[in-house]
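> Sequence first, predicted coordinates after that:
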Number of protein chains: 2
Amino acid sequence: MAQINQRENNRAAELLDAAAVLFAEQGYARTTIREVSSAAGMGPGSAYYHFSSKADMLLAVYEQGVRNVTGEVIRRLDGVEAPWDRLAAALEGHIAAVLAPTAYARVIVTVLPGDVPDVADDLRRQRDAYELVWKGLIGELGTAVDGDLLRLFLLGAANSTQIWFHPGTQTPTEIAGAFVEFLRQPLGQS
Amino acid sequence: MAQINQRENNRAAELLDAAAVLFAEQGYARTTIREVSSAAGMGPGSAYYHFSSKADMLLAVYEQGVRNVTGEVIRRLDGVEAPWDRLAAALEGHIAAVLAPTAYARVIVTVLPGDVPDVADDLRRQRDAYELVWKGLIGELGTAVDGDLLRLFLLGAANSTQIWFHPGTQTPTEIAGAFVEFLRQPLGQS
DNA sequence: GTCTATAAGGCGATAGAC
DNA sequence: GTCTATCGCCTTATAGAC
């Protein structure tokens, strides 16, 4: 789904790469099909051979973004057993995926379902599928606190890194480690 | 600044109220001057008597939003002395301002400076001024952790409430209380 | 101060040549 | 598969009547 044409030797991939970067940097509304096509080295109308509409293009980017961030997270969970270590590893994967300059996952944070009413339900379904991974991770912790609230708290903070992060200061790993420590150790009682 | 005409008995206020709601719900790009004017009971062109441009209207909403959220926070700090109690009170004010259905402060979260390049610097300056309050509150805690990271962590999570909050489940006060407890008490070591 | 009408430009999407 | 040209629509913003 999303793509209308999947034959080989076409340049749908270049279009998607360009769209991912532009959607992430400018948002959906301010990005034009003309920009995406031009960034992929094509004429203004050619994108419509590969995608039936602008929303369809976003859908394809979103699907790839969810695949990427899920992959990053799962990959880092391999062999890690202690629940808090697993949480830290997953958060590292999430933040890395969400900050990588060329990554599709950035779009999941930048473009919210409400921004594109036409396909809002589809986008929401993709986000929900990914959040299941996090429901599991939080559940493993066995804390007494509200797990849903803790998950939303942590992912909200993690996604906000995209707004203020500047390469060269901290690394995604350092940020993820600090965030988990904020939760794990008591910061004070006064 | 921002408004071009401040004489009394005009209806700039109605326009701003309508703009705040629409910008918060639809974002800047998808909201049209026609919608705002119509929501304020005016014809399509009449908004330009009060504001010189769409960006100028956003600027005025932003200014009011920063005033509102700052006011909510300061008001709740009155008489509270213990640093962690002050943090909890401030967070309650922030989240309440950011979730109130008709509040200007919602726009500060919904519309990011990068969304409107024309006035991005101005918007950023207003956000930075507000963050100074939080730098102070975090500093009062006297924790050993990175204060900037803790502030961004907490405000990132607080702002994300606007994405998932549904009235009727939790109250802003409950959410703020839970968030502060996540930081204050250790959640586990396993 | 608000109205209606319209100018000027950009957008998504399509058509048909190659 | 990609090109160029263009349709039709919607936008911000302006002009001039009232």
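Structure received.
> Could you list which residues are in contact with A:A157?
A:179, B:152-154, B:156-157, B:160 (Cβ atoms under 8 Å, 6 or more residues apart in numbering or on different chains). Glycine gets a C-beta too; all of them are placed from N, C-alpha and C.
> Now tabulate the residues you listed in JSON lines and tack on secondary structure.
Listed next are the contacts of A:A157 as JSON lines, based on DSSP: H, G, I helix; E, B strand; the rest coil:
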{"residue": "A:F179", "secondary structure": "helix"}
{"residue": "B:L152", "secondary structure": "helix"}
{"residue": "B:F153", "secondary structure": "helix"}
{"residue": "B:L154", "secondary structure": "helix"}
{"residue": "B:G156", "secondary structure": "helix"}
{"residue": "B:A157", "secondary structure": "helix"}
{"residue": "B:S160", "secondary structure": "helix"}
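> Tell me the one among those nearest to DNA strand D.
B:S160 (27.1 Å; Cβ to the nearest atom of the strand).
> Neighbours of that closest one, how many?
Counted with other Cβ atoms under 10 Å in any protein chain shown, residues neighbouring B:S160 total 21.
> before we move on, which element is A:G65 in?
Using DSSP states H and E, A:G65 falls within helix A:54-77.
> buried set for that helix?
Across helix A:54-77, burial judged by 16 or more other Cβ atoms under 10 Å in any protein chain shown covers A:54-66, A:68-70, A:72-73, A:76-77.
> Run through these and flag the ones next to DNA strand C.
Among the buried residues of helix A:54-77, the ones lying near DNA strand C by Cβ under 7 Å from any atom of the strand are A:54-55.
> Which helix or strand contains the residue nearest to A:P44 when sequence neighbours are not counted?
Leaving aside its sequence neighbours, A:P44 sits nearest to A:R34 (Cβ to Cβ, 6 or more residues apart in numbering or on different chains; 4.7 Å). If you go by DSSP H and E, A:R34 is part of helix A:33-39.
> avg pLDDT for that helix?
Computed over helix A:33-39, the mean pLDDT rounds to 98.
> Over to stretch A:48-60?
Averaged across stretch A:48-60, pLDDT comes to 97.
> Stretch A:148-166 too?
If you average the pLDDT over stretch A:148-166, you get 98.
> mind exporting it as PDB, just the C-alpha atoms?
C-alpha atoms of stretch A:148-166 as PDB (Å, rounded to 0.1, in the frame of the first residue of the first chain):
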ATOM      1  CA  ASP A 148       0.600   4.600  30.500                       C
ATOM      2  CA  LEU A 149       1.500   7.900  32.100                       C
ATOM      3  CA  LEU A 150       5.100   6.900  32.400                       C
ATOM      4  CA  ARG A 151       5.300   5.800  28.800                       C
ATOM      5  CA  LEU A 152       3.800   9.100  27.600                       C
ATOM      6  CA  PHE A 153       6.100  11.000  29.800                       C
ATOM      7  CA  LEU A 154       9.200   9.300  28.600                       C
ATOM      8  CA  LEU A 155       8.300   9.300  24.900                       C
ATOM      9  CA  GLY A 156       7.100  12.900  25.000                       C
ATOM     10  CA  ALA A 157      10.400  13.900  26.400                       C
ATOM     11  CA  ALA A 158      12.300  11.800  23.900                       C
ATOM     12  CA  ASN A 159      10.500  13.200  20.900                       C
ATOM     13  CA  SER A 160      11.000  16.700  22.100                       C
ATOM     14  CA  THR A 161      14.800  16.200  21.700                       C
ATOM     15  CA  GLN A 162      14.200  16.900  18.000                       C
ATOM     16  CA  ILE A 163      13.300  20.500  18.800                       C
ATOM     17  CA  TRP A 164      16.400  21.400  20.800                       C
ATOM     18  CA  PHE A 165      19.100  18.900  19.800                       C
ATOM     19  CA  HIS A 166      22.200  20.300  18.100                       C
END
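> Can you list the buried residues in that stretch?
Those would be A:149-163, A:165, for stretch A:148-166 by 16+ other Cβ under 10 Å.
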